[in-house]
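# Quick one: sequence and predicted model below, then my questions.
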Amino acid sequence: MLKKLWLLCIKFLLINLFLFFAYRILFLLTFVDIWVMGDALISLLYGMRLDIALLGWELLILGVVSLLMRKFHIKLLYQLGVLFTYLHILVCFANIQFYRERNQHFGE
């Protein structure tokens, strides 16, 4: 049971990190005229720190939900992980569209 939970967490982290990485590359290719490799790598690394912090909070939420239920329900944790992943995709897409229209980030 614990092995399944660890595999679920690892899959969740890897899929979300890949999605954030692909989003950042797409964002840079879409809106930056001159793409210098050194600057892009620095942007990707700084962005990855923020992504890891966000994923840490999300895993904390999943852990708190598990503790409050006093039992590990793998199906519920998987569904919450899918929900978080869907929200990531939605926010990334909205940010790109918002930046195209208003030339500022979604959160500003």
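All right, it came through fine. Residues are numbered from 1 along each chain as shown.

# From now on I want contacts and neighbour counts done on CA atoms only, so please keep to that.
Fine.

# burial of L77, as a residue count?
When counting by other CA atoms under 10 Å, one arrives at 19 neighbours for L77.

# For I10, see how far away it is.
13 Å (CA to CA, to the nearest Å).

# so what does the helix or strand where G63 lies touch, helix or strand wise?
Taking DSSP states H and E as the definition, G63 sits inside helix 37-69. Applying 3 or more CA pairs under 8 Å, 6 or more residues apart in numbering; DSSP states H and E, one finds that helix 37-69 contacts helix 2-31, helix 74-102.

# Run the chain-centre distance for that helix.
7 Å (CA atoms, centre = their mean, to the nearest Å).

# With stretch 92-108 instead?
For stretch 92-108, the distance to the chain centre is 17 Å (CA atoms, centre = their mean).

# so where is the protein shaky, pLDDT-wise?
Filtered on pLDDT under 70, the chain yields the residue ranges 1-2, 33-38, 72, 105-108.

# which residue sits farthest out from the middle of it?
R70 (26.9 Å; CA atoms, centre = their mean).

# Could you report the neighbour count for D51?
When neighbours are counted by other CA under 10 Å, D51 comes out with 17.

# and what of L13?
20.

# Identify the residues contacting it.
L55 (CA atoms under 8 Å, 6 or more residues apart in numbering).

# Spit out the contact partners of the residue most central in space within the chain.
With distances taken as CA atoms, centre = their mean, N16 lies nearest the centre of the chain, 4.4 Å away. By CA under 8 Å, 6+ apart, the contact set of N16 is L55, T85, H88.
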